[in-house]
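> sequence plus the predicted model coming up.
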Amino acid sequence: MSCTPATHCVDLQPLHTFALPAKATGLRVIRSSADLQEMAQHQQAGERQILLGEGSNTVFVEPVIHATVWKMGLTGRQYLGIYNQCHNIRVMAGENWHQTVEWTVAMGWGGLENLALIPGSVGAGPVQNIGAYGLELKDRVSAVHAFDLAKGTGCSFSLEECQFGYRDSLFKSGYPGRYVITAIDFALPVAWQPMLGYGDVAQRVKDIGPTSPASVLRAVCAIRTEKLPDPAVLGNCGSFFKNPVIGEETALALLKNFPQLVHYPAGQGLVKLAAGWLIDQCGLRGFSTGGVGVYSRQALILVNQGNGQAEHLLSLVGHVQEQVHLKFGVQLEPEVNLVFSVPTRQEAGLPGS
């Protein structure tokens, strides 16, 4: 199928931050329960529906995507009060994530500041269980509200029911594409304690002044700004690969050969490796092919240098994976959602992305 006036194809390039050229056969915005009902009816009829937030964790990798793209547009924030020794708030899925973090800190509610400047919408958070600087979203979520496209009804999930894992959740791996996240309830501790044990956050906070949610926020923003390119200037979708999690025995064997291996505890018997370090050690920082490349200041970031095409990106991803596997015996997996013309299970990450 090609895009013609009869098919009403829409341009997706400005709707995802990696900004590869792509089109879809339709585009709608979700602003009400009626829109969700309509989306469910189309999906139940066998039509492909793709949910999109701000496009910061989604890459369209084919010229034409045979689907209707539904952009999340539900907005609003609500303070629910103090209970269980926490400030409880509800945020709609279409709100910007970083602006929400700034809002909580400005209101005097600490707890989300380590997740500052993660691009995307609030609804993306639970799907990927976003995390940074020692904190994951699951540490602050009390409930996730959603719309079940299979049943055409609203539903809610407790923290346990969300089945959060490392960059994973029920919404990503359990029932891909079934639920549209509409809002999240957060529980932010009244007795706030800073999380400063990851990277150089502690030193940055010390340089700023007294430790507070605001100073941690400023420190995290400074670090991320130095490491990450602005998508408006250089197309990217943040961290492209997951940090691989391996067994302790495998990690010990790697440490014998690579004593400087950057690694962190990841639960009983597991170790998390820094994917950016692995890529950097393969000499790939700054490497480019076609119109895409590995960012020169942070190897975990792949960038569109202005004229990138889907085939260039897929070639680069394969090359990075191959080189890391050859050197370390570790398989890297994309953290971002790669969307093809024909649907795959990787579409599971699209709700709110």
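Cool, the structure landed.

> check the secondary structure at Leu254 for me.
Using DSSP: H, G, I helix; E, B strand; the rest coil, the structure places Leu254 in helix.

> as a check, name the ranges of all strands in the stretch 1-150 of the chain.
Taking DSSP state E, counting those that start in this stretch, the strands of the stretch 1-150 of the chain run over residues 10-11, 23-30, 49-52, 58-60, 64-72, 77-83, 86-92, 131-132, 135-136, 141-148.

> now what about the second one, what contacts it?
Taking contacts as C-beta atoms under 8 Å, 6 or more residues apart in numbering, the residues outside strand 23-30 that touch it are 1, 3, 7-12, 15, 35-36, 38-39, 50-51, 60, 63-74, 94, 180. Backbone N, C-alpha and C define where each C-beta goes, glycine included.

> can you name the residues bridging to Lys23?
Counting by DSSP bridges, Lys23 forms beta bridges with Asp11, Val64.

> list the buried residues in stretch 72-83.
72-74, 77 (16 or more other C-beta atoms under 10 Å).

> now that stretch, how far from the centre of its chain.
21 Å (C-alpha atoms, centre = their mean, to the nearest Å).

> what is the mean pLDDT for that stretch?
Summarised as a single mean, pLDDT over stretch 72-83 is 97.

> quick check: end-to-end length of that stretch?
30 Å (C-alpha to C-alpha, to the nearest Å).

> from here on, count from 855
Sure thing, new numbering starts at 855, so read that last one as stretch 926-937.

> how about residues contacting it?
883-885, 905-907, 941-949, 954, 957, 961, 975, 977, 1034, 1036-1037, 1039, 1044, 1206.

> also stretch 1154-1161?
872-874, 1081-1083, 1088-1095, 1129-1130, 1133, 1142, 1145-1149, 1167, 1170-1171, 1174.

> what does stretch 1082-1095 give?
With C-beta under 8 Å, 6+ apart, stretch 1082-1095 has contacts from 870-874, 910-913, 971-973, 1129-1130, 1133, 1149, 1151-1152, 1154-1160, 1162, 1171, 1174, 1186-1190.

> what are the buried residues along that stretch?
1082-1083, 1085, 1088-1095.

> quick one: that stretch to chain centroid distance?
For stretch 1082-1095, the distance to the chain centre is 12 Å (C-alpha atoms, centre = their mean).

> before we move on, back to that, format the buried residues of stretch 1082-1095 as TSV; extra columns: secondary structure and distance to Ala1068.
Output for the buried residues of stretch 1082-1095, formatted as TSV (DSSP: H, G, I helix; E, B strand; the rest coil; distance: C-beta to C-beta, whole Å):
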residue	secondary structure	distance to Ala1068
Leu1082	coil	21
Pro1083	coil	25
Pro1085	coil	25
Leu1088	coil	29
Gly1089	strand	31
Asn1090	strand	27
Cys1091	strand	28
Gly1092	strand	23
Ser1093	strand	25
Phe1094	coil	30
Phe1095	strand	31
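
> so for Trp1131, what's the pLDDT?
Looking at Trp1131, its pLDDT reads 97.

> returning to that earlier point: which one of the buried residues of stretch 926-937 is nearest to Ala1004?
Closest approach between those and Ala1004, by C-beta to C-beta: Met926, at 18.6 Å.
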